[in-house]
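Peer 1: just coords:
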């Protein structure tokens, strides 16, 4: 590994994503990326009595599917890096209990998807593990209940609100011994906490856009690459409110984002015209996880995409912090993925 | 870095702890380690209106003091790895906002102290940063309120209950260029989640003891060292209930713990005879953090201790998980510290 500039790691051994999984709920299964997901639950309950137990089932399902898709036996896995949005990342800890391997719990709110992938890639790249699983999950009903109001209340939301994705995505990262072509993880840019004073938990896109812009700017400063290096730069969950703000901020920084396609996982996962209930778009750490591990990795494997920068954004608020009048600290972590060329 | 066995990292460059800090509340200031702490608040409020804001002040104070004690300017710091017990590790995120450097949020409950030190050491050892800050905090009133009952209720507790330490500890880990003698970080053993079915949040020592024993066993299996290699092996917060259980479990595993001094941070920090209100002893991620970064590091610097293994234990429950009848998954992460010889 090599430190580039002040925020970026270059993974010189280019760790390989041997397999990944994306498991979603019914709403995501009605969205435009449905055919990219490995498993779609037809009920938000997933056969459980509580939303929290349902989220746990979702995460456990995705972690098991990732092992299957990577052709890795559970006993060969030697590391798990995971986190989620629940208090004390309890879903991740239950998944860790089932996996039974050394476990590092992480929390970056919705940026947890790329935080865990960055760390797993780093651990594999530097020889700390041979096979590491990175993963995260979110569930619409657990997250709304915990951060805002139980969905059963049917409370109204402003037009800036987003819809938490029910989904879990996991990836198995392995050492690159040349036997597998790709996709590979080449860089990670670790974000700084940005806080521009937004205090409204129904306006996450606005709060998180500066963090996304800061991390993207740092990525290009540290790597000396330009946006044209990537076919796609995709933020985690800025949605229809935050993405234009990030574009404006990046234009001010002089980053030529017009060289590439710049999109957001929260806009890709739903059809905002047909699925009106998602309001400004998707959110949650499951959002960037299932779009990356389902949609994007499938295209990298097919060679339809060559290089993608995933910039997962996280609003690091807690219900108590905003009830006590604190503003919302935000962070974004970026990971570069590269196709290994078209697979057979 | 070298992977030893299945759970241990050897930090081959031997990163140096350039400086550390330990900031505590009034109860810890009345305990036997008072003279080892850098700063003792005389009120649990720390001049703030809420317990959560007080915890944030505690963490920010400790992170600033660690920089001063290490002789490192804030602009030279290039990484922060931190976490705490609050929902969404909000205290850590606020500290990260103040530090303004790339930030990885972690969560391992009370094992967060050694999880963050292990990761910071790994990042420095493998060239991902030059100077990384690892830190954590807990506050008696925030933790009791969040996990059990607000302290203002004056609810009764069973004799197995522990007392959450009000304290924050931080360490600055830097590359070992030979100019600073020590203390150095030599190994980390990352724990697996263990769950033997304990469901009582007032009996953490019992729940966590198997995780501590599992990680200690893994450490000696992976490194082929024996307990006699260390002057002191200290668990994070097993207290008077958990430590004897861990001793029994390790004896069953055939680990000759009688070769060394085996103690617990939760027993060291208070005088259980005089401070009856702590019941079975201290707990919280601040417990192992301030004992390690205050008491133990001072003795390593003086050469009074040569080699110490700190095994921070964490109960990964959430109030919702145990209210829904789930048992308590636990984890323990161990870090080896070595004196660089007596300092002038």
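Peer 2: Right, received. Where do you want to start? Being a predicted model, the structure only gives us computed values, none of them experimental. Residues are numbered from 1 along each chain as shown, chains lettered A, B, ... in the order given.

Peer 1: residues contacting whichever residue of the stretch 151-300 of chain A sits closest to chain B?
Peer 2: Nearest to chain B, among the residues of the stretch 151-300 of chain A, is residue A:190, at 3.9 Å (CB to the nearest CB). C-beta here means a position set from N, CA and C on the backbone, and glycine is covered the same way. Residues in contact with residue A:190 (CB atoms under 8 Å, 6 or more residues apart in numbering or on different chains) are A:7-9, A:115, A:118, A:333, B:79, B:102-104.

Peer 1: Out of the residues you listed, who's the most crowded?
Peer 2: residue A:115 (33 neighbours; other CB atoms under 10 Å in any protein chain shown).

Peer 1: show me the residues around that residue that make contact.
Peer 2: A:83, A:106, A:108, A:190, A:312, A:314, A:333, B:104-105.

Peer 1: so which strand or helix has residue A:337?
Peer 2: strand A:330-338 (DSSP states H and E).

Peer 1: by contact count, what packs against that strand?
Peer 2: Here strand A:330-338 touches helix A:112-125, strand A:184-189, helix A:204-223, helix A:297-302, strand A:307-315, going by 3 or more CB pairs under 8 Å, 6 or more residues apart in numbering or on different chains; DSSP states H and E.

Peer 1: Flag every residue of the stretch 151-300 of chain A that's near chain B.
Peer 2: Proximity of the stretch 151-300 of chain A to chain B, by CB under 8 Å from any CB of the partner chain, involves residues A:190-193, A:195.

Peer 1: ok, back up a step: can you tell me which of the contacts of residue A:115 comes closest to residue A:31?
Peer 2: residue A:312 (18.7 Å; CB to CB).

Peer 1: Okay, and the beta partners of the closest one?
Peer 2: Note on residue A:312: beta-bridge partners by DSSP bridges are residue A:333.

Peer 1: mind giving me the domain split of chain A?
Peer 2: For chain A, automatic domain parsing gives the domain ranges A:2-174, A:184-338.

Peer 1: So which one of the residues of the stretch 151-300 of chain A next to chain B is the model least confident about?
Peer 2: Ranked by pLDDT, these bottom out at residue A:195, which has 93.

Peer 1: What are the boundaries of the strands in the stretch 51-200 of chain A?
Peer 2: A:79-84, A:103-105, A:131-138, A:163-164, A:167-174, A:184-189 (DSSP state E, counting those that start in this stretch).

Peer 1: From the contact counts, what lies against the fifth one?
Peer 2: The reference is to strand A:167-174. strand A:16-24, helix A:51-70, helix A:112-125, strand A:131-138, helix A:285-290.

Peer 1: For chain A, give me the ranges with low pLDDT.
Peer 2: A:341-344 (pLDDT under 70).

Peer 1: Out of the helices and strands packed on strand A:330-338, which one sits most buried?
Peer 2: Among these, helix A:112-125 has the highest mean neighbour count (mean count of other CB atoms under 10 Å in any protein chain shown), at a mean of 31.

Peer 1: Figure out how far it is from the centre of its chain.
Peer 2: Relative to its chain's centre, helix A:112-125 lies at 11 Å (CA atoms, centre = their mean, to the nearest Å).

Peer 1: Next: stretch A:298-317.
Peer 2: 8 Å.

Peer 1: May I have the residues that are in contact with the residue nearest to residue A:10 when sequence neighbours are not counted?
Peer 2: Excluding the flanking residues, the one nearest residue A:10 by CB to CB, 6 or more residues apart in numbering or on different chains is residue A:2, at 4.4 Å. Listed by CB under 8 Å, 6+ apart, the contact set of residue A:2 reads A:9-10, A:12, B:127.

Peer 1: hmm, try it at 7 Å
Peer 2: The contact partners of residue A:2, by CB atoms under 7 Å, 6 or more residues apart in numbering or on different chains, come to A:10, A:12, B:127.

Peer 1: okay if I get the helices and strands packed on strand A:330-338 as TSV plus distance to residue A:235?
Peer 2: Formatted as TSV, the helices and strands packed on strand A:330-338 follow (distance: least, CB to CB, whole Å):
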stretch	distance to residue A:235
helix A:112-125	10
strand A:184-189	13
helix A:204-223	5
helix A:297-302	17
strand A:307-315	5
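
Peer 1: Any idea what residue A:174 is bridged to?
Peer 2: Residue A:174 has the following beta-bridge partners by DSSP bridges: residue A:16, residue A:131.
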